[in-house]
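Asker: What follows is a predicted protein model with its sequence.
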Amino acid sequence: MSTSDHNIVLHVADVHMRFGGLHALADIDLEVEEGKTHAIIGPNGAGKSTLLNVCVGRLAPTSGAVVFDGQIITGMKPHEINQAGVARVFQTPEIFPDLSVLDNVMAPAFARRDGAFKLNFLGNMHREAEIREEAEHFINDVGMTAELDTHAGALSRGDKRRLELAMCLIQHPRLLLLDEPTAGMSRHDTNTTIELLRKIKERGMTKVIIEHDMHVVFSLADKISVLAQGRIIAEGTPDEVRANPKVKEAYLGSTQE
Amino acid sequence: MDAILVQFLNGLDKGGAYALIALGLTLVFGTLGVVNFAHGAIFMIGSFVAVAFRQILTWESVVLSETELSPWGTALEIRTPYALEWFGDFGNILIDFSVPIAVLLAIPVMYLVGISMERGLIKHFYKRPHAEQILVTFGLAIVLGEVARTFFGANPIPQPMPEAVRGAADIGVLFGMAENAITYPWWRLIYFIFSLVVIGAVFAFLRFTTFGLVVRAGMSDRETVELLGINIDRRFTIMFGLAAVVAGVAGVMYTPLLPPTYSLGMDFLVLSFVVVVVGGMGSLPGAVAAGFLLGILQSFAAMTEVKEIFPGIDQVIIYLVAVVILLVRPRGLFGRKGVMET
Amino acid sequence: MLALPKKELITFLIFAVVVLTMPIWLTPFGASYPGLLQKFAIYGLLAVGFNILFGLTGYLSFGHAAFLGVGSYAAVWSFKLLSMNAIPAIVFAVILSGLFALVIGYLSLKRSGIYFSILTLAFAQMSYNLAYSVLTPITNGETGLQLTLQDPRVLDLAFSERGAGLPLVELFGVDMAGYGGFYLSAILLIIGFFVAQKITLSPFGLMLKGIKSNQNRMKYTGFNIRPYTLAAFVISGMYAGLAGGLLAVTDPLAGAERMQWTASGELVLMTILGGVGTMFGPVLGAWIMKYLENIFSAFNENVLHNLFSFLPEGVQEVAVRFVALFVGEGWHLTLGLMFVLVVVFLPGGLMEGYRRFVNRFFNGKKPKPRVPDKQTQPAE
């Protein structure tokens, strides 16, 4: 695989992952181009979440490396990877349930501005007007302005997902990883989320998205990699993948939902 | 060599007590997922079962003598325990063997104590955070300690061991040494064997009964067992009762070695938690191994030779081991990875 | 830098007034004498500091009494070696306990949850046991560290002659055993409360709350958790050291029992009783506990007989017997029961109870429903 004029943001290079005897990921080689939305699809247990976990430093691969923006990030701690510019939306929303929606979104903004640690205990939250405005802006983007002061733990699951998205977006990450961002959402919420992700794309943010919902995948992705039993079996534009007989056999044919 | 063997032996009975307490503690944690800070108090209650039993046995009838006078010129009071009046010589035997007999008595009593604790308080805390479990059981431990103090006072109440097993066994002879080279008090030996028997019984129970099978299955994967339609909760309640019995009989048998006081529960609590952590939260073999290990280590740390090299080591050895284990291998010696690490 | 938002400023001012006027409004409760007032202020400070760790980050330390003890020892040594002035004693207490907290925190915070609790407990018990045994040259073992007539006190003796009796702790000529000690502690409590307010309202405080709420999200949001928790641990250790120092300032002796884990447990209890994570709760908890401890442990049979003298004799006997279980020596029973009841029924402590009470009777409003009714509830 060679790319000429496009800038590669994320390069998963020859990654293997074994859990005991299980070969969860084999020989994964993946390149994500700047500004593109790269979808990873595949049947259950194909290794999609494992791959994402390797990318954010939650799991260390048995061999191989993940290169982000020219920097090897395998072996780095999750917060270092985030500080390098990778944000992640989880399959089950990871938010701060005890904090208000506004605080939920302000915290990541501080991480971006102040770095991994800053002992500013004499600072004033109410004087942080800039960060507050920015947070309100992003909360508005996901359509949750009405919930500004709600305890995040009291939100519905769909709202929690949107909140988590806002928390990631406010960091202006170079790369956004989304693990089934619409799982468990109603049709209406799914469409809103798709709209939102399109908007982000226009801003040129690079995304890797894992998704079950083909509707979502085909409406967003520029490129699709199909994962089955820990291997990439096909790769290409949505149209190419749709036409690929191997994909039909391994994925659409066997576990049609 | 002799000195080392002696210290090793000295650690066994203490280790047995630690192992028994930790066994119940880790069983409750593994089954119910509850961090029970009142478990040491259960040990303490057990030891007071022995005290109460002996007090009942030695209730005395008072008869004023018609012939003899006390030094104060009043009629002499003749006190005879009822046990003697009713059972004669057998009564004497009862009193003499009050501690071992109290073990039998402690089984139903401690079972009831355990069940009522679980039903009355602990069961409301299954789904609450570990911090709250710690707090509520800590409060309960204070209450139980104070209740014991109300009934039995603040001073330790020594419990004699049966006449026949006072004195020491000459262990050295068994190893071909000179007479009295190594002696070991009979009761400590008995306690060690007793603890092995109880531990064996618990393991056999979990290994060979259907009940045990279900409990073990529930410990490793609660949800699946519940999906099979088995009422795991009721069995776990019974497990709590059994854990209380184990800690209780451990307390009863320990009374001749350490006179019970109300603060016993708190003293043993910290130790037994350390034991559980060293063994690995939720690991039964770990609790047993760590119990004996720490008992023996503690005994070695008390040697003068060791203390000369590391002053104060005897005071901190237990905690030091816990700190090192937790920092180097947080899941303990035998624990599964990831248990309670958040 | 020193500003607070209006609402918090009002809270702070009310708090300051309440603390400074304690000698007045506590008079009808029979609690307005220096010894008890000092305890109110000092233990209030201790609880405020503990809450910075436990209330904000959720890390439950069971060994905080160790820092209290270190603070006390440091202060008494300052009296012995340097001067009877309270300031160096307090400064030493805070610095030493801070360093001590840095070491213990650095190690303990490698783990979280109950493992963290047990690590802190183990460190505190080690300190306690060592203070009783091999550290006797520093701690004077069971007797406790006291002032003696032979103490060098280099700073004091450079300027004045050694007096006949044991010297008194002073600050600018004010004797610290009486109301002077109370006002010093009260002012430090107010400052400590202010700093705690600042921390709670700062971005740093937000991060601590984030750690309590979801550590995972904190990591993937780019925060390095350990320096945050360590900073909170050290700050709260310094509060404890300050409190320990003040205990020595008001009564210049230090004993190892201050470091025992039951003392740590008592601190946890105060915080829970008042309300973890609230500003005023922990202080309230400390006050109530010290007050009840004071009156309950003072009761004896005679007092009780007087109290129930209006009852007929037989009933009186029963009543006295029953109540005697809970007071005097039995005070700890009350404490334990209180603790269990609070954790079971009011996990948020008295502040939570107060909130519920206000909502119920004055606002007429029901508490907010936890989950707003939305139609977007997913059908999984």
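Answerer: Now that the structure is in, tell me what you want to look at.
Asker: Quick check, pLDDT for the closest residue to chain B within the stretch 51-200 of chain A.
Answerer: Here the residue of the stretch 51-200 of chain A nearest chain B is residue A:98; by Cβ to the nearest Cβ that distance is 12.0 Å. Just so you know, the C-beta spots here come from the backbone N, C-alpha and C atoms, and that holds for glycine as well. Listed pLDDT for residue A:98 reads 90.
Asker: What is the neighbour count of it?
Answerer: 17 (other Cβ atoms under 10 Å in any protein chain shown).
Asker: Point out where the chain drops to low pLDDT.
Answerer: I went with chain A, as the question did not name one. Low-confidence segments of chain A, defined by pLDDT under 70, are located at A:1-6, A:250-257.
Asker: Switch to chain C, please.
Answerer: Applying pLDDT under 70 to chain C flags residues C:1-2, C:363-380.
Asker: just so I have it, where are all the strands in it?
Answerer: With DSSP state E as the definition, chain C shows strands at residue ranges C:145-146, C:170-171, C:174-175, C:253-254.
Asker: Relative to chain B, which of those is closest?
Answerer: Using Cβ to the nearest Cβ as the measure, strand C:145-146 is the one of the strands of chain C that comes nearest chain B, at 17.6 Å.
Asker: Please work out how many residues are found near whatever residue of the stretch 151-257 of chain A ends up closest to chain C.
Answerer: Among the residues of the stretch 151-257 of chain A, residue A:184 lies nearest to chain C; the distance is 3.9 Å by Cβ to the nearest Cβ. Residues near residue A:184, counting by other Cβ under 10 Å, number 17.
Asker: and what of residue B:192?
Answerer: Applying other Cβ under 10 Å, we find 21 other residues in the vicinity of residue B:192.
Asker: Quick one: low-confidence residue ranges for the stretch 101-250 of chain B.
Answerer: Where the stretch 101-250 of chain B drops to pLDDT under 70, the residues are B:222.
Asker: Spell out which parts of the stretch 101-250 of chain C neighbour chain A.
Answerer: Counting by Cβ under 8 Å from any Cβ of the partner chain, the residues of the stretch 101-250 of chain C close to chain A are C:198-199, C:201-207, C:209-210, C:212-214, C:216-225, C:227-228, C:231, C:235.
Asker: May I have the phi/psi pair for the residue in chain B positioned nearest to chain A?
Answerer: Relative to chain A, the nearest point of chain B is residue B:129 (12.0 Å; Cβ to the nearest Cβ). Dihedral pair for residue B:129: phi -60, psi 150, per degrees, to the nearest 10.
Asker: Now residue C:118. Nearest residue, chain neighbours left out?
Answerer: The shortest distance from residue C:118 to any non-neighbouring residue, by Cβ to Cβ, 6 or more residues apart in numbering or on different chains, is to residue B:277 (5.5 Å).
Asker: which SS class is residue A:10?
Answerer: Under DSSP: H, G, I helix; E, B strand; the rest coil, the three-state class of residue A:10 is strand.
Asker: follow-up on the earlier one: can you tell me the element the residue nearest to residue C:118 falls in?
Answerer: Per DSSP states H and E, residue B:277 falls inside helix B:264-279.
Asker: Please name every helix or strand in contact with that helix.
Answerer: Judged by 3 or more Cβ pairs under 8 Å, 6 or more residues apart in numbering or on different chains; DSSP states H and E, helix B:264-279 is in contact with helix B:2-32, helix B:39-57, helix B:130-152, helix B:284-301, helix B:313-328, helix C:113-132.
Asker: relative orientation of that helix and helix B:284-301 in degrees?
Answerer: Between the direction of helix B:264-279 and that of helix B:284-301, the angle (axes from the mean of the first three to the mean of the last three Cα atoms, to 10 degrees) works out to 110 degrees.
Asker: Report the buried residues of helix B:264-279.
Answerer: Of the residues in helix B:264-279, those with enough neighbours to count as buried (16 or more other Cβ atoms under 10 Å in any protein chain shown) are B:264-266, B:268-279.
Asker: if we can go back for a sec, adding mean neighbour count, write the helices and strands packed on helix B:264-279 out as TSV.
Answerer: Listed next are the helices and strands packed on helix B:264-279 as TSV, based on neighbours: other Cβ atoms under 10 Å in any protein chain shown:
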stretch	mean neighbour count
helix B:2-32	24
helix B:39-57	25
helix B:130-152	22
helix B:284-301	23
helix B:313-328	20
helix C:113-132	24
